[in-house]
Each structure stands twice: as structure tokens, then as C-alpha cells.
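A.B. asks: What follows is a predicted structure for the sequence shown.
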Amino acid sequence: MNAFRLASAADRCGCAVARLAIVAVVAGLSLFDRPAPAAIIIQDQFDYATGNLNGQNGGQGFSAAWQATSALQVTSPGLTYSALETSGNAITGLSSGSMRRLFDNTGLTGDGATYWFSVLFAAPEATASTATAIPSFFSDATGPYSQFSGFAVSFNPSSRTSLYMDARIGGSVRATQTIPGTDYYTGSYLVLGRITFSDTAGQDRLEVWLDPPLTGSPGTPLFNVTGTWVDPGANNSFFMNKYDAPDRSVDEIRLGTTLSDVAPVPEPSTLALLALGLASGGYGFSRRRAASLG
């Protein structure tokens, strides 16, 4: 049944509001659906009981359980950001500590390949300090708490209105920025990255965005740096260092092959069906109210 037949059916019921809602919903289903994600490589929403992260083994795409020092704890609630799909709890670093987990790198290639990552970050303890979180993707896998390497981003709210960040390839800091803001102690923010492996020496690339839009282009990156790192086949670990107190939280760790993988939002078709349910519910209420008044 097409949109106009549905609209005619609604007209016969005497409900103009339902007619308009149905037309909008059906049109939305055909015009605004996003393409399906290509392939998520790793994802962890930390849907674990609160307490120690060490030994937890949920999520997707990993080949071993978390190895984490006791400073890294599963805490509730989880972090959220705009319309980003989220669930579960979060990880909060109470002081200096590390977390590391191997992932399955089967089929991942190096030269010419592009990968996207994202992570949510928050400063639940509103205190300025040197407390810094440094998540790293494609880190090396030597030792349970090896020094971060791979493609890494550090972030530290050095004050309520100032966020210090840097971008690193192979452990070397390539660029730094201090980013002014309104209140980095409230809510959470999204760090988005794109990794490109090059077949030219010194030209592996890391681009980083802060709080990008979740639809369309992420815009101009904060960082666009180059360096040298070895291909994914030799480096299959997510690693994060958390330095010093006070508390800092991370959540929704994702690595994928497309932007949609790492910044998933509800499909417009889902929203459209919700709107249809609300419209039909409102129509039913109007019919019942009219009957009761009649």
C-alpha cells in the first residue's frame, strides 16, 4: 500500500492529523534511511556489573578478556552523547592505571586501509588537575600494560573551560591543542578519529574530531597528523593509560571501517515508526474522547 492509499484510508476515518503523519512516515522511510554500517571491528559498552574491570569479557570483536589495574572500575551510569546509541555502564579511572584488551585482527589490512574509532569521555569529578586519559587503537600487544603506542588521543580538562588534547602516532606526540569551552565538567563529549595506513613511509595519518555532528560530514578535524606505525597484523590491542587523580570516565569504545560503525544513531525508519505510533495513538485517543463526549 503506497502513501496515498494510506492517506485515503486515514481520510475515511476522518483524521487529517493521522493522514499527514502517515504520508510523512512513508516518505521518510524511502528518502532518509542511512546506509547500513559496513563492519564493526570492536565495540564495548561496558554492560558489566559495577566493580573491577579486570577479567570482564563482553563486547564485540575481542579475542581476550580485559586486563586492567584496580584503578579502572566499572561505574554506573554509562555516558551519553546527543543521539548516539548507548547502553551499559562506563569505566572510571579513580587514579593512575591502565586497561588493555586484544582484539581479532583477522582480515585487517594495512597500506591503503582506513579505519574509524570513537570513545566517550567525561570528568565526573569536577576538579582541575593533570588527570589525563589516553586511549590508543592498534596498540602493540607486548606485556599486559604496555606503554601506549598505535594511534592515540589524550584529553585532559585542565580547567572547567579548558580542554587539553594531543594526537599521537607510535607513541610520539604529533600535535597539541588547548580547546576553550563552556563547561568540561558537565556531561560527556565524543572523540572521533580516522586512521589511514599509507604505503609511503612516514605518511600514516591520524585525524581527530571533538563533538562532531552525527549525520553528514564530521567537518574539519582538530588534528590531522602523520607519522609511521606498523600494519594492523602486528598490533591488535586497545590500550588506555589514565594518569593521576581526579576521576575521569570513558565509555562506548568503537573501532570500525566506516563512520556509521562508530557513530551509530537510531535509523530514521525507527524514528518514523515511532512517530506513526504516536500519531495513531493520538488518533485513537481522539476517537475515544469524541465517543465519550457524544
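C.D. replies: Okay, I see it.
A.B. asks: Can you show me the helices along the stretch 151-294 of the chain?
C.D. replies: Along the stretch 151-294 of the chain, counting by DSSP state H, counting those that start in this stretch, helices occupy 259-262, 268-293.
A.B. asks: between the ones you listed, which gets the lowest average pLDDT?
C.D. replies: Mean pLDDT values for the helices of the stretch 151-294 of the chain show the minimum at helix 268-293, a mean of 44.
A.B. asks: Could you tell me which residues make contact with Ala65?
C.D. replies: 55-57, 101 (C-beta atoms under 8 Å, 6 or more residues apart in numbering). C-beta: built from backbone N, CA, C; applies to glycine.
A.B. asks: Let's see that with 10 Å instead.
C.D. replies: 53-59, 101-102 (C-beta atoms under 10 Å, 6 or more residues apart in numbering).
A.B. asks: Stretch 101-113: end-to-end distance?
C.D. replies: 22 Å (C-alpha to C-alpha, to the nearest Å).
A.B. asks: Now do the buried residues in that stretch.
C.D. replies: By neighbour count on 16 or more other C-beta atoms under 10 Å, the buried set for stretch 101-113 is 101-103, 105, 108, 110.
A.B. asks: Which of the contacts of Ala65 sits closest to Val225?
C.D. replies: Closest approach to Val225 among the contacts of Ala65 (C-beta to C-beta): Arg101, at 25.0 Å.
A.B. asks: Could you verify my assumption that that closest one touches Gln60?
C.D. replies: No. If you go by C-beta atoms under 10 Å, Arg101 and Gln60 don't touch, sitting 11.6 Å apart.
A.B. asks: sorry, back to before: could the contacts of Ala65 go into TSV alongside secondary structure, pLDDT and distance to Leu79?
C.D. replies: Formatted as TSV, the contacts of Ala65 follow (DSSP: H, G, I helix; E, B strand; the rest coil; pLDDT from 0 to 100; distance: C-beta to C-beta, whole Å):
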residue	secondary structure	pLDDT	distance to Leu79
Leu53	coil	98	15
Asn54	coil	97	21
Gly55	coil	97	22
Gln56	coil	98	17
Asn57	coil	97	21
Gly58	coil	97	17
Gly59	coil	97	15
Arg101	strand	94	19
Leu102	strand	93	24
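A.B. asks: and these, which are buried?
C.D. replies: 53-54, 56, 59, 101-102.
A.B. asks: between the residues you listed, which is closest to Thr176?
C.D. replies: Arg101 (27.2 Å).
A.B. asks: give me every residue that touches the residue nearest to Lys242 when sequence neighbours are not counted.
C.D. replies: Once flanking residues are discounted, Lys242 sits nearest to Gly93: 3.2 Å by C-beta to C-beta, 6 or more residues apart in numbering. Counting by C-beta under 10 Å, 6+ apart, Gly93 touches 53, 68-69, 71-73, 75, 99, 131-133, 240-250.
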